[in-house]
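Undergrad: From the sequence below, what's the structure:
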Amino acid sequence: MSDTDTAALLVRLVVGVVMIAHGWNHWKGPGGIEGTARWFAGLGLRQGKLQAWTSVVTEIGAGLLLVIGLLTPLACAAVISVMMVAGILAHRPNGFFVFKEGYEYVLVLAVTALALAIAGPGRISVDAAAGVEMTAWAGGGIALGVAVVGTGGLLASFWRPAPAKAESRA
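TA: The predicted structure is shown next:
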């Protein structure tokens, strides 16, 4: 096993577990699925409960796929897409830094997932055991392309941001 294989395994495990934890929290956290649905609706997503379940399934599913290294470019696409949606809806208005609820954290997760899709899952993965090798721009292109199309489709179909408040001129 090379250093690159070890690095890919570490990245897959950490990002995978983080995504599983995110999905679990959206499902079973303090507000449960209902709280997540209300939060998503408050961000302007129609059908908040559907979006909450979509998020839970996507986050836990992508996390599990990353942990075992299966369908890695698609798992990375799911991470990138979830982070793009989170960045656009919840974090972008707050600036860059995470301590102000900014997009710093979601940006790091999205770019890490893209880098993993480009580098590949490493030899300690189901993909490698099955002889699936989609690295470099094939893996990265698939991940980024699927993420952008998925994010765009979700936002176009379900996001209805609140109208900007008009400034009063006294």
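Undergrad: element containing the closest residue to G122 other than its chain neighbours, please.
TA: If you skip the residues right next to it in sequence, G122 has A8 as its closest partner in space, 3.2 Å away by Cβ to Cβ, 6 or more residues apart in numbering. Bear in mind the C-beta positions are built from the backbone N, C-alpha and C, glycine included. When secondary structure is defined using DSSP states H and E, the element that contains A8 is helix 3-28.
Undergrad: Who are the packing partners of that helix?
TA: Using 3 or more Cβ pairs under 8 Å, 6 or more residues apart in numbering; DSSP states H and E as the contact test, the elements touching helix 3-28 are helix 32-42, helix 48-68, helix 72-86, helix 104-119.
Undergrad: V79 against A62, yeah?
TA: Yes: distance between V79 and A62: 5.3 Å, which falls inside the contact criterion (Cβ atoms under 8 Å).
Undergrad: Could you name every residue contacting both of those two?
TA: Counting by Cβ atoms under 8 Å, 6 or more residues apart in numbering, the shared contacts of V79 and A62 are M19.
Undergrad: Between these two, which has more neighbouring residues?
TA: For the pair V79 and A62, the greater number of neighbours falls to V79 (30 against 27), based on other Cβ atoms under 10 Å.
Undergrad: what's near enough to touch the more buried one?
TA: Under the criterion of Cβ under 8 Å, 6+ apart, the contact list for V79 reads 15, 19, 62, 66, 109-110, 113.
Undergrad: which of the residues you listed are buried?
TA: Members of those that pass the buried threshold by neighbour count (16 or more other Cβ atoms under 10 Å) are listed as 15, 19, 62, 66, 109-110, 113.
Undergrad: low pLDDT regions in the protein?
TA: Applying pLDDT under 70 to the chain flags the ranges 164-170.
Undergrad: right, and the pair among the buried ones among the contacts of V79 with maximum separation?
TA: Taking Cβ to Cβ as the measure, the buried ones among the contacts of V79 span a maximum distance of 13.5 Å, between L66 and A110.
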